[in-house]
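Participant: Prediction below, plus the sequence it came from.
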Amino acid sequence: MIETAINIILFIMLVVTALAIIRMDKLFAVVMLSGVFSFLSALLFIVMDAVDVAFTEAAVGAGITTVLMLGTIALTARTQKKSPKFQLMPVLIIIIIVPISNPIFSFVFNDFGFNVRR
C-alpha cells in the first residue's frame, strides 16, 4: 500500500518536472531540472528494487550528463531562441499512424527472420 503511494507520488513529480522542463526558456534551469528528473527516476528505480539501474541512472543521468550540459551552456547562449509556431498536425499524425502501423507490419513481416512456431 505504502509502496504504491510512493510510486504514485514519484510519477506525479516526474510528470511535473517534465512539464516544467518543457516550459522553461532558461537553459541553466532546464539542465538543473533534467538532473532532478534523473534523480527522481533513480528514486523510482530504488522503490522498484532495481538498485543497479538506479545507481547507473544517478551516475550517468544526474551526474555526467548534467556536467556535460553545463559545460555546453558555458560555451553557448544562456537562453533558448524563440522557435517558430508549433505545428500540432504532424505530431498528431505520427501519434495516430505509429500505433496503428506497428501491428500491421508485425503481421506482414512475420514470415521474415527466425520464426519460433513450427
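Facilitator: Perfect, thanks for sending it.
Participant: gap between residue 81 and residue 15?
Facilitator: Between residue 81 and residue 15 the computed distance is 27 Å (Cβ to Cβ, to the nearest Å). All C-beta atoms are positioned from the backbone trio N, CA, C, and that covers glycine.
Participant: quick one, which of these two is more surrounded?
Facilitator: Taking other Cβ atoms under 10 Å, residue 81 and residue 15 do not tie; residue 15 has more neighbours (10 against 6).
Participant: that's a helix at that one, yeah?
Facilitator: Yes. Assessed with DSSP: H, G, I helix; E, B strand; the rest coil, residue 15 lies in a helix.
Participant: Quick one: the helices in this structure, in order.
Facilitator: Secondary structure of the chain (DSSP state H): helices at 2-23, 27-47, 51-56, 65-75, 88-108.
Participant: Just name the most buried of those helices.
Facilitator: helix 27-47 (a mean of 18; mean count of other Cβ atoms under 10 Å).
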